[in-house]
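J.: Sequence isn't available, so here's the structure alone:
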Ligand code: GLT
Ligand code: MN
Ligand code: MN
C-alpha cells in the first residue's frame, strides 16, 4: 500500500461493522456474489488498512442458534484476534430484523412474547458488547413499523417502544455497565413505514424516556437523505443537543432505497461540510462506516472500498483545514459575520427595559433588502477548493501544510 498523508491511522478512529465489509452482495433480486470473510480475517485486514476497530451485531459473530459453549469459543477466538491486531470494539448492536420472529417488530410487536424475546436477545447482546469493551450500544429498529396502519395504534406502539428502551436503560444501570445507547432512525425499508423515522423524531422521543442522559442518536447519512433531509443540519442539531453518541457514514443517490454506498462516493460537497463539522465541533466518537462494496466487486474490491471510505474522510478533513486557511474564503466569511448594528439592539435575550426601543427602532428597509450576499462567489470558491484547484493558494500557509500532514 502506498502511504501518503491521507493513509488511515489508528488515531483517526475509523471503524467498520463486521456486516459492512462482510456484506456478500445479496439484494432482493439476486444472490450472494462473494464468499463469506470470517470475523477474524476482517479484524486482521481492517487493522492492516489502518482502522481503529470493528463493530458488530450479536449474530455477526455468534450465530442465532449457537449453544453457550459455541458462543464462548467464538468469543474467545475473536478476542485473541482483537488483541493480536490491536483492534477495538467501540460499539455493539443487536440484530432485531433478520429472523422471522421479528417480522412485525420487536419492541413494538403486538405480541408480548415477542416483546419479551426482544428484551432477552438485546440484554444478551449488551452483555456480549460489554465483554468486548463496547461503550456504545446502537439500536436500529428496522422492523419497528407497519405496512397496515390498522394493525397497530401508533400511540400504543410508541408506548411499547418507550417501555422497551426504559427497561434496557434500567438493566444497564442495574448491572453498572459503562454503556450508552444510540438510536438510529430510518424512514422506511424494510418496513413500509418505520416508527421514529428521522434523527429529529428520535431526539423528541429521547426526551420522554426515564434515563435520557444515557440515550443519544446514531444518525446515518443514507437514512436522512432518503427522507430528503440535509444530513449536516441534522448532525448539527444532534451535537447541539449533546446527543451525537455515534455516526453511520456512507452515501446515497437522492430519492433511492437505502444504498449504503462508499463514503463520499456521491455527495462530496455535503460530506465536506459534515466532516468539517465533526472535526471542528470536537466530536470524540468513532468515525464509523455503515456501507458496503458494490455488488460488482470481489474481495479485493471490498478492501478498496474500505480504504476509499477512510481516505475520502481524511481528504475532506484536510480540505476543511484548507478552508480555514484560505484567505479569500475567510475574508468573505468575516465580512458576512460582521454584525452591523449589533450593539444597537439587544437580540440574544428578551429584556423589558430595551424592548420598547426595539419596537420603536427605524430600519432602512430598502437598503437592507437590496444588499447582496456574495454567496455566489463564496460557493464557487468552496467548489474550487473541493475540486482541488485552490491548493496553491491555500498551501501558502505553511502551518496548514504541517497540520494537514500530521
Ligand atoms: C443494518 C442497517 C444499518 C444499521 C445496522 C445496525 S444493521 O445493516 O441497514 O443501517 O446501522 O443495526
Ligand atoms: Mn446504519
Ligand atoms: Mn443504511
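T.: Ah, there it is. None of the values given here were measured: they were computed from a predicted structure. Ligands and ions are numbered 1, 2, ... in the order given.
J.: so who does residue 361 touch?
T.: 344-345 (Cβ atoms under 8 Å, 6 or more residues apart in numbering). C-betas here are computed from N, CA, C, even on glycine.
J.: and it, what pLDDT?
T.: Reported pLDDT at residue 361 in the predicted model: 92.
J.: do residue 391 as well
T.: At residue 391, the pLDDT value in this model is 74.
J.: Identify the residue nearest it in space, chain neighbours excluded?
T.: Excluding the flanking residues, the one nearest residue 391 by Cβ to Cβ, 6 or more residues apart in numbering is residue 322, at 7.3 Å.
J.: And the one you found, how far from ligand 2?
T.: 30 Å (Cβ to the ion, to the nearest Å).
J.: Residue 202: how many residues sit nearby?
T.: 24 (other Cβ atoms under 10 Å).
J.: going forward can the numbers begin at 49, since that is how I track them
T.: With 49 as the first residue, the last one maps to residue 250.
J.: does it count as helix, strand or coil?
T.: helix (DSSP: H, G, I helix; E, B strand; the rest coil).
J.: Surely residue 416 forms part of a helix?
T.: Yes. Under three-state DSSP, residue 416 sits within a helix.
J.: thinking again about what came up before, tell me, how many neighbours does the residue nearest to residue 439 end up with?
T.: There are 22 residues near residue 370, going by other Cβ under 10 Å.
J.: list the buried ones in the one helix or strand it maps to?
T.: Residue 370 is part of helix 347-373 when elements are defined by DSSP states H and E. By neighbour count on 16 or more other Cβ atoms under 10 Å, the buried set for helix 347-373 is 349-351, 353-373.
J.: Could you name the helices and strands sitting against it?
T.: strand 62-65, helix 66-69, helix 87-97, helix 316-329, strand 335-337, helix 423-434, helix 439-442, helix 446-452 (3 or more Cβ pairs under 8 Å, 6 or more residues apart in numbering; DSSP states H and E).
J.: Where among those is average confidence lowest?
T.: For those, mean pLDDT drops lowest on helix 446-452, to a mean of 52.
J.: and the helices and strands packed on helix 347-373 as a markdown table, adding mean neighbour count and distance to ligand 2?
T.: Formatted as a markdown table, those follow (neighbours: other Cβ atoms under 10 Å; distance: least, Cβ to the ion, whole Å):
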| stretch | mean neighbour count | distance to ligand 2 |
| --- | --- | --- |
| strand 62-65 | 25 | 8 |
| helix 66-69 | 23 | 9 |
| helix 87-97 | 19 | 17 |
| helix 316-329 | 19 | 15 |
| strand 335-337 | 27 | 9 |
| helix 423-434 | 14 | 25 |
| helix 439-442 | 15 | 34 |
| helix 446-452 | 14 | 29 |
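J.: Adding distance to residue 345, write those out as CSV.
T.: Shown next, in CSV, are the helices and strands packed on helix 347-373 (distance: least, Cβ to Cβ, whole Å):
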stretch, distance to residue 345
strand 62-65, 15
helix 66-69, 11
helix 87-97, 14
helix 316-329, 21
strand 335-337, 15
helix 423-434, 26
helix 439-442, 31
helix 446-452, 30
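J.: Compare those and give me the one nearest ligand 1.
T.: helix 66-69 (5.5 Å; Cβ to the nearest ligand atom).
J.: coming back round to it: could the helices and strands packed on helix 347-373 be laid out in a markdown table, adding distance to ligand 3?
T.: Formatted as a markdown table, these follow (distance: least, Cβ to the ion, whole Å):
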| stretch | distance to ligand 3 |
| --- | --- |
| strand 62-65 | 10 |
| helix 66-69 | 10 |
| helix 87-97 | 19 |
| helix 316-329 | 15 |
| strand 335-337 | 11 |
| helix 423-434 | 24 |
| helix 439-442 | 33 |
| helix 446-452 | 30 |
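J.: Out of the ones you listed, which is closest to residue 108?
T.: Closest approach to residue 108 among those is made by helix 66-69 (4.0 Å; Cβ to Cβ).
J.: right, is that closest one up against ligand 1?
T.: Yes. Counting by Cβ under 6 Å from any ligand atom, ligand 1 is contacted by helix 66-69 at residue 67.
J.: still on that earlier bit, I'd like to know which of the helices and strands packed on helix 347-373 is closest to residue 262.
T.: Nearest to residue 262, of all the helices and strands packed on helix 347-373, is strand 335-337, at 19.1 Å by Cβ to Cβ.
J.: Does the closest one reach ligand 1?
T.: No. Using Cβ under 6 Å from any ligand atom, strand 335-337 stays clear of ligand 1, coming no nearer than 8.8 Å.
J.: where's the closest residue to ligand 3 within the stretch 349-454 of the chain relative to residue 95, distance?
T.: As assessed by Cβ to the ion, ligand 3 sits closest to residue 357 within the stretch 349-454 of the chain, at 13.7 Å. Distance of residue 357 to residue 95, computed by Cβ to Cβ, to the nearest Å: 15 Å.
J.: what does this structure have sitting close to ligand 1?
T.: Residues of the chain lying near ligand 1 (Cβ under 6 Å from any ligand atom): 67, 105, 141, 186, 188, 232, 268, 296, 338.
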